[in-house]
Each structure stands twice: as C-alpha cells, then as structure tokens.
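Asker: model this:
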Amino acid sequence: MLPERFTWSHHSNNGPDERLLRLQPGQRVVDLGCGTGTHLAFLCRAYRVHGVGIDRAPDLLSTAHTYFRGGTAEYIQTEARSWLTNQESSVDACYSRFGAVWFTNPDQLLPAIAARLRPGGRFVFSHVAPGFRPFAEPRWDFEVESWCERLTGLGFSEVYGRVWPCPDDCQDAPSPGVMIVEATR
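Answerer: Sure thing, here's the model as predicted:
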C-alpha cells in the first residue's frame, strides 16, 4: 500500500514532504535504500517520474516487485555505490530515506552521488539524528554541520540541513528527531 503522503520522517504526518526533491514529470529519480519501494512508487505515480529503487535486501525488494508492478519504477538488488558508479546516464534526483546514506561510508558514497547527478539535480536524505541509541549495524551518524561540509566540499550548492523534532506521541521517545539534509548539484 502506498503512503498517503511522502515524508522524510518515520511519522506519516510530520515534517517536510517530497517537494524538497523538486521533481518534474519525466525526470529520473533514484532511491538509495528503497526497502519495500513504497515511497519511490508514490513519487512515480504522483509526479510521473521514472524511478530506480536500489536495495541490498532481497526480501524487501521482493515486496516491491510484488506490489508495484506495471509502474515506472524498477527495483534492483545491489549496493548503492556500485550502482551509481556503474551507470553511464545521469539522474535528476537522488534520495535516501533512512537508507543507504546512513549505512554506507560517505567518503565513497557521496562522490558517487555527485558524479551521477546532473547539474541542478537534487540530493536529499534523512535518518535519525545522532544520539538516539546504539544500533546493531554500524551507521554513519554525523552531525548536520558535518554532512553539510562534506556536500559543500564536493561542489554541491544550496546545502541545508536540520533536525526535525519527533511528535510528542513518538513511539521512540525520547528521540533526538530526524535529520534532513538537502543539496543541489
């Protein structure tokens, strides 16, 4: 089932929406760490874009393939950096919603994103802000300023980051909120 609204948070009615990507019909958008593909399918239907969902988890991609056939999204099982570096065509937007940006060495992933985005293309990602709790799988938990400096150093402009607070009824309370970072190539 598709979400009623795209958010960068894990709460359905909290925080900014997909407009941060500045999508136009016919553009190509990549979801790095798409999981079950619901958010990419939402974007493809709402904006008539061509989507590529990348994830390394076959069980999650199986769900994406089952529920979202016949649309303009394709789902591929691979590592995000590998897909980005092996593509020849550029993309208009790239995003990661609690996905690959959180789990992949940014010194390897961010240059690959920068190389694949067309000039003027958008990159947006979100994940839980640093300081939440320890996780079993390592994550790249930098502060907002550090992410912004890394992107600026790679030639991105309009770099902006913030931590969006969780609502009072958050099941993960107390939570440091959700970090959202956006940039233009």
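Asker: mind listing what's buried in the lowest-mean-pLDDT helix or strand in the chain?
Answerer: Here the helix or strand of the chain ranked lowest by mean pLDDT, DSSP states H and E is helix 58-67, holding a mean of 85. Buried positions in helix 58-67, judged by neighbour count with 16 or more other Cβ atoms under 10 Å: 60-61, 64. Glycine gets a C-beta too; all of them are placed from N, C-alpha and C.
Asker: so which residues of this structure form helices?
Answerer: With helices called from DSSP state H, the chain shows them at 38-47, 58-67, 80-85, 100-103, 106-116, 144-153.
Asker: surely S90 touches A114?
Answerer: No: look at S90 against A114 with Cβ atoms under 8 Å: they stay out of range, at 10.9 Å.
Asker: those two: who's more crowded?
Answerer: Per other Cβ atoms under 10 Å, whichever of S90 and A114 has more neighbours is A114, with 19 against 13.
Asker: for this structure, which segments count as strands?
Answerer: Here the chain has its strands, by DSSP state E, at 28-32, 50-55, 73-77, 91-97, 117-128, 157-164, 178-184.
Asker: can I get these in TSV including mean neighbour count?
Answerer: Below are the strands of the chain laid out as TSV (neighbours: other Cβ atoms under 10 Å):
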stretch	mean neighbour count
strand 28-32	25
strand 50-55	24
strand 73-77	19
strand 91-97	25
strand 117-128	21
strand 157-164	15
strand 178-184	23
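Asker: redo those as JSON lines? Include mean pLDDT and distance to L151.
Answerer: Listed next are the strands of the chain as JSON lines, based on pLDDT from 0 to 100; distance: least, Cβ to Cβ, whole Å:
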{"stretch": "strand 28-32", "mean pLDDT": "97", "distance to L151": "15"}
{"stretch": "strand 50-55", "mean pLDDT": "96", "distance to L151": "20"}
{"stretch": "strand 73-77", "mean pLDDT": "93", "distance to L151": "25"}
{"stretch": "strand 91-97", "mean pLDDT": "97", "distance to L151": "12"}
{"stretch": "strand 117-128", "mean pLDDT": "95", "distance to L151": "7"}
{"stretch": "strand 157-164", "mean pLDDT": "94", "distance to L151": "5"}
{"stretch": "strand 178-184", "mean pLDDT": "94", "distance to L151": "5"}
